[in-house]
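Peer 1: Sequence plus the predicted model coming up.
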Amino acid sequence: MSDYLLVKKVFDNRPVDQVITVKGWIKSLRQSKKFSFMVLNDGSTQKDLQIIVDGTLSNYEEVSKLLSGSSVEVEGLLVASQGKQPVEMQAKKVHIFCANTEDYPLQKKETSLEYLREVAHLRSRTNTFSAVFRLRHVLAQATHEFFSNENFYYLHTPIITSSDAEGAGEMFRVSTMNLDKPHRTDKGALDFSKDYFARETFLSVSGQLEAETFAVGMGRVYTFGPTFRSENSNTARHLSEFWMIEPEAAFFTLEDNATLATNYVKHMIKRAMEQCGDELEFLASRYSPDNLKTLEHVLNSPFETVTYTNAIEILQESAKSHKFDYPVSWGIDLQTEHERFLAEQYFKRPTIVTDYPKEIKSFYMKLNDDGKTVRAMDVLVPGIGELIGGSQREDNYDRLTKRMSDLKMDPTNYWWYLDLRKYGSVPHSGFGLGFERAMMYISGMTNIRDVIPFPRSPKNAEF
C-alpha cells in the first residue's frame, strides 16, 4: 500500500510540521497569480482539507486551472491553521491523476437531490451522499455488533425462493423460460416443471421463514440481506429492492421481542451519534433541523406500550378534536398519520402497539386466546411512524394449519415450515426492520431513494 494518509487520519492525528501525502478529489479551487486555495476530500470524512498551492510550484499553471472533481495527489507540509479548521497543508508537489472538463455533471454549487439520482454513479462525491453512506456503513456495523453481543448468529437466507412469506403475492418471478416459446401444460398454463428449478420461483420478500428453521435449532439467528417487492408504488418510502434485518429467537415471547427491538433501535442511534456526529450535524443543517433533538429524545426515552384496541380507543377519542384523513375503527390497519399521532402527540415518545386483529396480519402470527387478535407488534417512532414490525410466531400445529386453510393457502408449499410445529416446537418470536427505513429515520433524509446507493423502483433500474 502506497504511503499516504486518509484525510480523516490527518484530522484525527494532526501530524503538524510533518511532510505528508494525501490523495482525493478537488471540491473547489480558488486561484490567483501567486497562490491558490485548494479544497480536497477523499470521502473518508465530512471535513475538507484546505491546501495552499504556491505559485512557485513547477506545474502551478496547470494545477491552478483544475476544475472541481479533478483527482490529484498532493505532497506537502501540514501546519496549524489560522482559520476555522485546526490544520491546513502547504503543497510541495501536486500530481494530477485526471483533470476534469467543463461537462463534469457536479460543477454546480447547488444541485437538487432529484438531479443527483440521475447521476447516482457520481453522487458519492457530494457532501450529502458521502455523509449518508458513511452513516450507512456505521449502522450496518452497529447491527452486526448488536446482534452478536446478544448471542445471535448471522444467517444468510435464500434470495431465490418458492414461498411467499408475506402472502402478498407481489413478487418478482425468477425463470429461464424462453419468453417467446414458454413451456405450457395441456391446459395452456405455464409449465414450471420444465423451468430451471422445476417449480415456480421468485426473488425473496423476506428471509423470516427460513430464519425460523434455524432459530428452533440454534436458538437465536438474524438475517441482513436484500429483499424484493414488485409492488407498483412510487412513494418516497418504497423501493423494489431493499435490505432487511430479521432476527428470530427461540423461547422469546412478544415482550422479549419488544425489548430486543427497543434496545436495537437505541444501539443504532447511539453508535450513529458517537461515530457520525459530523455527518448528522451536516445532514440536519441541510435537511432536518430537528433531527438530532428527535434522536436524542428516542435514545433517552422509555418506549410506551399500548394494545391495538386501546390505541383505537385513543384515536377515536382524539378524532373529536383532531382531524384525521383516514377514519378510525377497530379492524383497520393503522395509517401513518395514526401512528405518528400516537408517537408524536399522544404519548410523545416511541410507542409499541401490540395485539392486532388477525385479519390484517400475516398467517404465521400467534393467535391470542380471544380468537380475534394475534401477538403482533409494531414499533412506532416520532417522525415517521412504523419503524419495526414483528410478532410471536404461531407454534401450535393445528392453529397454524387452520389459519392457512382459512386463507386458502396450500399447506404442501409449506411442508417444511409446518414440520417445525411437529418436531420440538417451542415459543419463538422475531421482527423485521427495513434498513433503508432506519437510514431515513436516523439520517433525517426524506426520500428512501437517497439512502441506498442505486435505488430500484418502478421503471427505474439504471446503473
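Peer 2: Cool, got the structure. Keep in mind the model is a prediction, meaning the values are calculated, not measured.
Peer 1: C-alpha from now on. contacts and neighbour counts both.
Peer 2: Noted.
Peer 1: the helices in the stretch 1-150 of the chain, which residues?
Peer 2: 7-13, 60-64, 113-118, 127-149 (DSSP state H, counting those that start in this stretch).
Peer 1: now the stretch 151-300 of the chain
Peer 2: 208-218, 254-275, 277-287, 291-300.
Peer 1: So which elements touch the shortest one?
Peer 2: On a contact count with 3 or more C-alpha pairs under 8 Å, 6 or more residues apart in numbering; DSSP states H and E, helix 291-300 meets helix 254-275, helix 277-287, helix 435-443.
Peer 1: Out of the helices of the stretch 151-300 of the chain, which gets nearest to residue 421?
Peer 2: When the helices of the stretch 151-300 of the chain are ranked by proximity to residue 421, the top entry is helix 208-218, at 9.9 Å, counting by C-alpha to C-alpha.
Peer 1: so what secondary structure elements neighbour the closest one?
Peer 2: The helices and strands touching helix 208-218, judged by 3+ C-alpha pairs under 8 Å, 6+ apart, are strand 220-228, strand 241-250.
Peer 1: thinking again about what came up before, out of the helices of the stretch 1-150 of the chain, which one sits most buried?
Peer 2: Ranked by average neighbour count under the criterion mean count of other C-alpha atoms under 10 Å, these are headed by helix 127-149 at a mean of 19.
Peer 1: circling back: what would the helices of the stretch 151-300 of the chain look like in a markdown table with distance to residue 103 and mean neighbour count?
Peer 2: Below are those laid out as a markdown table (distance: least, C-alpha to C-alpha, whole Å; neighbours: other C-alpha atoms under 10 Å):
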| stretch | distance to residue 103 | mean neighbour count |
| --- | --- | --- |
| helix 208-218 | 47 | 20 |
| helix 254-275 | 36 | 19 |
| helix 277-287 | 26 | 17 |
| helix 291-300 | 36 | 17 |
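Peer 1: circling back: so which of the helices of the stretch 1-150 of the chain is nearest residue 390?
Peer 2: Set against residue 390 and scored by C-alpha to C-alpha, those come closest in helix 127-149, at 16.2 Å.
Peer 1: got the angle between that closest one and strand 220-228?
Peer 2: Orientation check (axes from the mean of the first three to the mean of the last three C-alpha atoms, to 10 degrees): helix 127-149 against strand 220-228 gives 150 degrees.
Peer 1: Need the residues that contact helix 127-149.
Peer 2: 43, 45-46, 123-124, 153-154, 222, 264, 267-268, 271-272, 275-276, 279-280, 282-283, 439, 443, 450-453 (C-alpha atoms under 8 Å, 6 or more residues apart in numbering).
Peer 1: correct me, but residue 125 touches residue 44?
Peer 2: No - counting by C-alpha atoms under 8 Å, residue 44 is not a contact partner of residue 125; they are 10.8 Å apart.
Peer 1: more crowded one of the two?
Peer 2: More neighbours surround residue 125 than the other of residue 125 and residue 44, with 19 against 15 (other C-alpha atoms under 10 Å).
Peer 1: Excluding chain neighbours, what is closest to residue 279?
Peer 2: Spatial nearest neighbour of residue 279, excluding adjacent residues (C-alpha to C-alpha, 6 or more residues apart in numbering): residue 131 at 5.0 Å.
Peer 1: Can you check what pLDDT the model gives the one you found?
Peer 2: Here the pLDDT value assigned to residue 131 is 98.
Peer 1: just residue 166 next, same as before
Peer 2: 65.
Peer 1: same thing with residue 443?
Peer 2: At residue 443 the predicted local distance difference test score is 97.
Peer 1: One more: residue 108?
Peer 2: Per-residue pLDDT puts residue 108 at 69.
Peer 1: what's the answer for residue 384, then?
Peer 2: Residue 384 is given a pLDDT of 87.
Peer 1: Could you give the number of residues near it?
Peer 2: 19.
Peer 1: where's residue 185 relative to residue 191, distance?
Peer 2: Distance of residue 185 to residue 191, given as C-alpha to C-alpha, to the nearest Å: 5 Å.
Peer 1: So for those two, which sits in the more crowded spot?
Peer 2: Neighbours per residue (other C-alpha under 10 Å) separate residue 185 from residue 191, with residue 191 holding more: 17 against 11.
Peer 1: Return the set of residues that bridge with the residue nearest to the more buried one when sequence neighbours are not counted.
Peer 2: Nearest non-adjacent residue to residue 191, counting by C-alpha to C-alpha, 6+ apart: residue 184, 4.6 Å away. Beta-bridge partners for residue 184, by DSSP bridges, are residue 190.
Peer 1: So residue 184 is in contact with residue 195, correct?
Peer 2: No - using C-alpha under 8 Å, residue 184 is not in contact with residue 195; the gap is 10.5 Å.
Peer 1: one step back: got the helices of the stretch 1-150 of the chain as CSV, with distance to residue 320 columns?
Peer 2: As requested, those are exported to CSV (distance: least, C-alpha to C-alpha, whole Å):
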stretch, distance to residue 320
helix 7-13, 55
helix 60-64, 67
helix 113-118, 39
helix 127-149, 41
